[in-house]
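Student: I need the structure of the sequence given here:
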Amino acid sequence: MKKQTILILPALLLLFLFFIPAFSYAAGVDFSALWKGTGFPYFNLGNSVMILVGILLIYLAIHFEYKPFLLVPLGIGVIIGNIPFAHEAVYPLGVYKDGSVMNLLYQGVLKGIYPSLIFLGIGAMTDFSSMISNPKLMLLGAAAQVGIFATFLGALVFGFQLPEAGAIALIGGGDGNTSIFLSSQLANGLRTLPDGTIVQNLIGPIAIAAYLYMALVPVIQPPFMKLLTTKKERLIKMKPPRSVTRREKIAFSITGLLLTAFIAPAALPLLGMFFLGNILKESGVTKALAGTASTILIDIVVILIGVTIGASTQADIFLQPESLLIFILGALSFMMATAGGVIFAKVMNLFLKKENHINPLIGSAGVAAVPDSARVSQMMGQKEDPTNHLLMHAMAPNIAGVIGSAITAGLLLGFLL
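Tutor: The predicted structure is shown next:
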């Protein structure tokens, strides 16, 4: 049965190749013109490489369940973006061709619409209880931002322009949506390749790197977490968080919106929508709106952003030395952010009473891959002690990391625009 299934696709391909000349002969159509209307004559090595990348993303999503809701649309988008087409001038298809359907959908990326809507959905799913219960854990989210600033300097060293370096640096924040928002504002201009070809922006490589590293959090973070902590530290049990009232949560959202907006007004499209979503959830009088934002809306937007970002990775644009550098810098940024959170938790313990010590494993949750980095903290803690539950504690730096990366994006945007 498996052999029969495998043979279906080659059989269909052969049938199609037979059908083209047969049809052209019967209809009296020039075979060469008909052949040139397919994608086969224009398919090149670069297209095949990128299609394999798309298939790899889908494989990681399905086989390992690494962020499937992100990687499946992204992988399909990569495949879509690398199907060559001859008559783009007559019938535009590509994401970079004005008037095409894909280009219209891609405007949600270029204008920063999709990331803002995703932040609305994230806010509607967020519970600030752990942050309000133990405010000092928010410092771990701030500490994880060290990866962003280190990568910003690294990108400058490698020759990227200031705005592009700022967009690349956000990969280390662990929030692909913030990376896309910032790159849509700072790295969406035309670039000239060494051969003189003018191509589009760096949004594709930045977004692919950010989403891929978000998906690989369970692979990337654990080795560094174990390396930077002792067994004794990994066994630390933290006090259960106190109960938080609805009034406190609403007050926190409004106060948080005011403070962050004044600190980084350029990030209002993200922060404003994030806190709006949370107030919809916590108010208790807009349950339908909160439910829509956190389910149907965010699901639709994730599909659109994944497919269009994937489709923007056309081989002639994506397969450039800059893309490889972006992936290298993004990986280093992610690692440094993880290390920054863990090390800062250890430093905080030097000034805390023993009964108030923080398990350094939750420091890695300052990387804003919600909720995966918090789950990794829980997983690592339970490997050492199955009775040690760190998830609720880890959610505090995790959410703080989301807010922190948005604030950092706003500061960079205000500074670099």
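Student: contacts, neighbours, all on C-alpha from now
Tutor: Fine.
Student: Can you name the residues that contact L271?
Tutor: With contact set as Cα atoms under 8 Å, 6 or more residues apart in numbering, L271 has these partners: 119, 257, 260-261, 403, 406-407.
Student: Which of those residues ranks first by neighbour count?
Tutor: If you count neighbours using other Cα atoms under 10 Å, the busiest of the contacts of L271 is A406, which has 31 neighbours.
Student: That residue belongs to a helix, doesn't it?
Tutor: Yes: assessed by DSSP: H, G, I helix; E, B strand; the rest coil, A406 belongs to a helix.
Student: ok, back up a step: give me the subset of the contacts of L271 lying in helices.
Tutor: Assignment to helices by DSSP state H places the following of those there: 119, 257, 260-261, 403, 406-407.
Student: hmm, back to that, of the contacts of L271, which is the nearest to F128?
Tutor: Minimum distance to F128 across the contacts of L271 is 11.6 Å, recorded for I403 (Cα to Cα).
Student: on that earlier part again, TSV for the ones in helices among the contacts of L271, including distance to V342 and pLDDT?
Tutor: As requested, the ones in helices among the contacts of L271 are arranged in TSV below (distance: Cα to Cα, whole Å; pLDDT from 0 to 100):
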residue	distance to V342	pLDDT
F119	26	96
L257	27	96
T260	24	94
A261	28	93
I403	18	94
A406	21	92
I407	21	93
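Student: Show me which of these is closest to G306.
Tutor: Once Cα to Cα is applied, the member of these that ends up nearest G306 is F119, at 15.2 Å.
Student: I figured the closest one hits L276, correct?
Tutor: No: the pair F119 / L276 is not scored as a contact, 9.3 Å apart, by Cα atoms under 8 Å.
Student: Could you tell me how many residues sit around V157?
Tutor: The burial metric for V157, expressed as a neighbour count using other Cα under 10 Å, is 11.
Student: What of I263?
Tutor: I263 sits with 14 neighbouring residues when counted by other Cα under 10 Å.
Student: and L153, what pLDDT?
Tutor: Predicted confidence (pLDDT) for L153: 89.
Student: Skipping its backbone neighbours, what lies nearest it in space?
Tutor: A165 (7.6 Å; Cα to Cα, 6 or more residues apart in numbering).
Student: where's the one you found, which helix or strand?
Tutor: Assessed by DSSP states H and E, A165 sits inside helix 162-169.
Student: What mean pLDDT does that helix get?
Tutor: Averaging pLDDT along helix 162-169 yields 86.
Student: Could you list every helix and strand in contact with it?
Tutor: Other elements packing on helix 162-169 under the criterion 3 or more Cα pairs under 8 Å, 6 or more residues apart in numbering; DSSP states H and E are helix 146-157, helix 176-186, helix 321-349, helix 391-416.
Student: for the chain, what helix or strand is lowest in average pLDDT?
Tutor: Ranked by mean pLDDT, DSSP states H and E, the weakest helix or strand in the chain is strand 198-199, scoring a mean of 48.
Student: contacting residues around the helix or strand that that one is followed by?
Tutor: The first helix or strand that comes after strand 198-199 along the chain, using DSSP H and E, is helix 203-215. Helix 203-215 has contacts (Cα under 8 Å, 6+ apart) with 66-67, 70-71, 74, 167-168, 171-172, 174-176, 179-180, 183-184, 187-188, 220, 309-310, 312-313, 318, 323, 326-327, 330-331, 334, 369.
Student: now helix 203-215: how far from the chain's centre is it?
Tutor: Taking Cα atoms, centre = their mean, to the nearest Å, the mean C-alpha location of helix 203-215 is offset from the chain mean by 5 Å.
Student: Might one say that L228 is in contact with I343?
Tutor: Yes: applying Cα under 8 Å, one finds L228 in contact with I343, separated by 7.3 Å.
Student: which one of the two has more residues nearby?
Tutor: Taking neighbours as other Cα under 10 Å, L228 and I343 compare with I343 leading, 20 against 14.
Student: mind checking pLDDT for the more buried one?
Tutor: pLDDT, I343: 95.
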